[in-house]
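Participant: sequence and predicted model, in that order:
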There are 2 protein chains.
Amino acid sequence: MKNIQEFLNTDLNKDVKTYKKGTILQQAGDTVLKSMYVKKGLLRSYTIDSKGKEHIFMFAPEGWIISDIESFTLETAAVLYIDCIEDSEVVLIDGKSQISNLLTIEQYAKTTKLLFKRIATLQKRLILMMSASARTRYEYFLETYPDLPNRISQRMIASFLGITPEALSKIRREIVKGK
Amino acid sequence: MKNIQEFLNTDLNKDVKTYKKGTILQQAGDTVLKSMYVKKGLLRSYTIDSKGKEHIFMFAPEGWIISDIESFTLETAAVLYIDCIEDSEVVLIDGKSQISNLLTIEQYAKTTKLLFKRIATLQKRLILMMSASARTRYEYFLETYPDLPNRISQRMIASFLGITPEALSKIRREIVKGK
DNA sequence: TGAATTTCTTAATCTACTTCAATGCATGTG
DNA sequence: CACATGCATTGAAGTAGATTAAGAAATTCA
C-alpha cells in the first residue's frame, strides 16, 4: 500500500464514474452518504442557507477527497450539496465501507494522516474566518490555491471566502490599483 | 481497549500534571508540541492576532483532548496558545509518540473515530461562521454546550463566537427581553 | 476587609461588508 | 445569427457588528 490511489483502486472500492459539469452528486437531505475521490475535474461542496444563499465549504480538484463528514459522523441526513464545477471523473466510495473496510495498519496510518491534514486545514480556515478581513482571506486563498482561481468564477471564490461577489470585486479593484 | 481513558492510562503515556487557573501550557512559537487530555478542569486554545486580540479556537472540559493539530501536522511552530481556565489535571501526550505509538487496529479505529468527530465539529462551526448571524451562533453554542456558559466568562464566549463582548452583551439583552 | 483589577453593560459613533439596482460582457443555445 | 442567461463590476443606501468611552458590578487578592 503505497498511496491513496492504490487504496482506491482495490476492486472493493472501484466505482469510477464520469459526470458533466453541473451534475449534482449529493443533495442536502440525502441519507446515503458517499465520499468522492476526484480523479479528474473539479467538485465542490456547499450549503444553502434559509435565504437560499450558497456557502461553499470546499473545492476538490484532482487527487482530493470530498465528503460530508459532519453528516456521516453524526449519522444524520446530508447538510452539504456536492456537485461538479467541471466535467469530472469520480470514484464513489461508500461512506460506511470506507471505514469498516480499513483492515491493515498501513491503511489506518494513511487515513489518519489524511484526517490530520484535513483538520489542520479547517483549523487554519476557521481561525482566518474569525480573525482576518475579507481581503486578507482572499490573499491567503490566492497563495494557498494558486491554480484554482483560473478554474473558478469570482462568485464561487467569494462564496468560499464567506463574502458577496460585490465585496470581492471591490477588493480585487483595490489590490489592482496598488492598495 | 475499551475507551480513551484506558488508552491514556498506559504507562507509555501517563504523565499527569496539575495546573493552576491561568497557567499557560503552550505558547505560539513553541516547537515541541503536546496534546493534552483534560482529566479535570477546563482548558482553552486560542490565537492572538496582529492587533493583540485573542480568538478562542476551542474549549476543552473534562474528557476532551486539546492540541494544535495544524502546527503538529504541518510540523511548524505552534500557532495556538493553550492555557487553563480553571485549576486542571492534565495528561500531557507527546505529539509524535501519540501517533507513532498507535500499534493496534483498535487504537487506530478509536483514533480515527475521534478525528472524524473533530472534523464534524469543525465543519459545522465553519459553516455557521460563514452563514449565520452572531445571535444564531450564540444560540447554537448554548444548545450544544449547555454546561459551559456557567464556567466561562462572557468575554470568552464572545471570543469563541468571533464577536466582541459588547456585541454579545447586546445579543443577550435582546434575547432576555423577548426578541 | 477594602482596594485594585477585571468583567459586564450601555450608548454613540464608525466601518466593513451586505443589499439592491443598473450596466456592460461573455457564453452558450435554439 | 440573435437572444437569453449568467457573470463581473459599479455605485448608492442599509446594517451587523466593531470601536471607543464610561460607569456599574463582580472578582481577586494583599
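Facilitator: The structure has been received and is ready for your questions.
Participant: any stretches of chain A with poor pLDDT?
Facilitator: Along chain A, segments meeting pLDDT under 70 span A:1-14, A:102, A:179.
Participant: show me where it has its strands.
Facilitator: For chain A, the strands identified by DSSP state E occupy A:16-19, A:24-26, A:34-40, A:42-48, A:54-61, A:65-66, A:81-84, A:88-94, in order along the chain.
Participant: take the ones you listed and lay them out in JSON lines including mean neighbour count and distance to A:Lys124.
Facilitator: In this view, the C-beta of every residue, glycine as well, is placed from N, C-alpha and C. Listed next are the strands of chain A as JSON lines, based on neighbours: other Cβ atoms under 10 Å in any protein chain shown; distance: least, Cβ to Cβ, whole Å:
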{"stretch": "strand A:16-19", "mean neighbour count": "14", "distance to A:Lys124": "30"}
{"stretch": "strand A:24-26", "mean neighbour count": "17", "distance to A:Lys124": "25"}
{"stretch": "strand A:34-40", "mean neighbour count": "20", "distance to A:Lys124": "21"}
{"stretch": "strand A:42-48", "mean neighbour count": "21", "distance to A:Lys124": "18"}
{"stretch": "strand A:54-61", "mean neighbour count": "20", "distance to A:Lys124": "13"}
{"stretch": "strand A:65-66", "mean neighbour count": "20", "distance to A:Lys124": "18"}
{"stretch": "strand A:81-84", "mean neighbour count": "22", "distance to A:Lys124": "22"}
{"stretch": "strand A:88-94", "mean neighbour count": "19", "distance to A:Lys124": "26"}
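Participant: can you check which of the ones you listed gets nearest to chain B?
Facilitator: Each of the strands of chain A has some distance to chain B by Cβ to the nearest Cβ; the shortest is strand A:54-61, at 4.7 Å.
Participant: OK, contacts around A:Pro165?
Facilitator: Residues near A:Pro165 by Cβ atoms under 8 Å, 6 or more residues apart in numbering or on different chains: A:154-155, A:158.
Participant: please disregard the earlier target; I meant A:Asp30.
Facilitator: In this structure, A:Asp30 makes contact with A:77-78, judged by Cβ under 8 Å, 6+ apart.
Participant: please apply the same query to the one 10 residues further on.
Facilitator: Listed by Cβ under 8 Å, 6+ apart, the contact partners of A:Lys40 are A:62, A:88-89.
Participant: check A:Lys53 too.
Facilitator: B:Ser131.
Participant: ok, it to B:Arg125 distance?
Facilitator: For A:Lys53, the distance to B:Arg125 (Cβ to Cβ, to the nearest Å) stands at 18 Å.
Participant: once you drop chain neighbours, what's closest to the residue most central in space within chain A?
Facilitator: In chain A, the centroid-proximal residue (Cα atoms, centre = their mean) is A:Met58; its distance is 3.2 Å. If the residues on either side of it in the chain are set aside, A:Met58 comes closest to A:Ser45, at 5.4 Å by Cβ to Cβ, 6 or more residues apart in numbering or on different chains.
Participant: ok, what's across the strand from that neighbour?
Facilitator: A:Met58, A:Ile82 (DSSP bridges).
Participant: which one, of the strands of chain A, ends up nearest to A:Thr144?
Facilitator: For the strands of chain A, proximity to A:Thr144 was assessed by Cβ to Cβ; strand A:54-61 is nearest, at 11.1 Å.
Participant: distance between that closest one and the chain's centre?
Facilitator: Taking Cα atoms, centre = their mean, to the nearest Å, one finds strand A:54-61 lying 5 Å from the centre of the chain it belongs to.
Participant: for that strand, name the packing helices and strands.
Facilitator: Under the contact criterion of 3 or more Cβ pairs under 8 Å, 6 or more residues apart in numbering or on different chains; DSSP states H and E, the helices and strands touching strand A:54-61 comprise strand A:34-40, strand A:42-48, helix A:148-151, helix A:154-161, helix B:105-131.
Participant: that one near DNA strand D at all?
Facilitator: No. Interface with DNA strand D: strand A:54-61 contributes nothing (Cβ under 7 Å from any atom of the strand), its closest point being 10.2 Å away.
Participant: please see if that strand touches DNA strand C.
Facilitator: No. Against DNA strand C, strand A:54-61 shows no contacts by Cβ under 7 Å from any atom of the strand, the least distance being 10.2 Å.
Participant: got the residues of chain A near DNA strand D?
Facilitator: If contact is defined as Cβ under 7 Å from any atom of the strand, the residues of chain A in contact with DNA strand D are A:153-155, A:165-166, A:168-170, A:172-173.
Participant: which one of those residues sits in the busiest neighbourhood?
Facilitator: Using other Cβ atoms under 10 Å in any protein chain shown as the neighbour definition, the residues of chain A next to DNA strand D reach their maximum at A:Leu168, which records 20 neighbours.
Participant: am I right that it is in contact with A:Met156?
Facilitator: No. Counting by Cβ atoms under 8 Å, A:Leu168 sits too far from A:Met156 to count as a contact (10.1 Å).
Participant: so how far is B:Ala109 from A:Ser100?
Facilitator: In this structure, A:Ser100 and B:Ala109 are separated by 10 Å, where distance is defined by Cβ to Cβ.
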